[in-house]
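Q: generate coordinates for the sequence data below:
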Amino acid sequence: MVKVFAVEALCGLMVSLREIPEYRKNLRNIEHKLVDRIAISILGIIAGTEGPSDLHAWAEIPQERLIGIFQLAHGIPSRDTIRRTFWHG
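A: Modelled structure (predicted):
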């Protein structure tokens, strides 16, 4: 029962995150969707990560599972990509 709840919760999260507008201007060179980067970051924060480097290291552990869930054609986003997700100025 817990697995079903987790999948349903993740689906609800993804539906909500898809409403966030894409802020990047050059969409041709994008390797990771904004929604995937934010979702992975949220899951990492829930797991107790502290900062982009820690979050990237955490995401590498269940990498195959995350790639299957988010369909990450270019693998797990780098720590710099994760950092830029939340700071574009």
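
Q: how about low-confidence regions in this protein?
A: Along the chain, segments meeting pLDDT under 70 span 1-8, 88-89.

Q: now the helices for it?
A: Taking DSSP state H, the helices of the chain run over residues 2-17, 34-46, 52-60, 63-70, 79-86.

Q: want to throw those helices into TSV with mean neighbour count?
A: The C-beta positions use only the backbone N, C-alpha and C, and glycine is treated the same way. Below are the helices of the chain laid out as TSV (neighbours: other C-beta atoms under 10 Å):
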stretch	mean neighbour count
helix 2-17	11
helix 34-46	18
helix 52-60	18
helix 63-70	14
helix 79-86	16
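
Q: and residue 62, how many residues sit next to it?
A: Applying other C-beta atoms under 10 Å, we find 14 residues neighbouring residue 62.

Q: what's the closest of the helices of the chain to residue 23?
A: Among these, helix 34-46 comes nearest to residue 23, with 7.5 Å by C-beta to C-beta.

Q: relative orientation of that closest one and helix 52-60 in degrees?
A: Relative orientation of helix 34-46 and helix 52-60, computed by axes from the mean of the first three to the mean of the last three C-alpha atoms, to 10 degrees: 100 degrees.

Q: which other helices and strands does helix 34-46 contact?
A: Counting contacts by 3 or more C-beta pairs under 8 Å, 6 or more residues apart in numbering; DSSP states H and E, helix 34-46 packs against helix 2-17, helix 52-60, helix 63-70, helix 79-86.

Q: ok so, going back, residue 24 is nearest to which of the helices of the chain?
A: Counting by C-beta to C-beta, residue 24 lies closest to helix 34-46 out of the helices of the chain; the figure is 7.3 Å.

Q: only alpha carbons, please: show that closest one as PDB.
A: Output of helix 34-46 as PDB, limited to C-alpha atoms (Å, rounded to 0.1, in the frame of the first residue of the first chain):
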ATOM      1  CA  LEU A  34      12.600  22.000 -15.700                       C
ATOM      2  CA  VAL A  35       9.900  19.900 -14.100                       C
ATOM      3  CA  ASP A  36      12.300  16.900 -13.800                       C
ATOM      4  CA  ARG A  37      15.000  19.000 -12.200                       C
ATOM      5  CA  ILE A  38      12.600  20.500  -9.700                       C
ATOM      6  CA  ALA A  39      11.000  17.100  -8.900                       C
ATOM      7  CA  ILE A  40      14.400  15.400  -8.300                       C
ATOM      8  CA  SER A  41      15.400  18.300  -6.100                       C
ATOM      9  CA  ILE A  42      12.300  18.000  -4.000                       C
ATOM     10  CA  LEU A  43      12.800  14.300  -3.600                       C
ATOM     11  CA  GLY A  44      16.400  14.900  -2.600                       C
ATOM     12  CA  ILE A  45      15.400  17.500  -0.100                       C
ATOM     13  CA  ILE A  46      12.800  15.100   1.400                       C
END
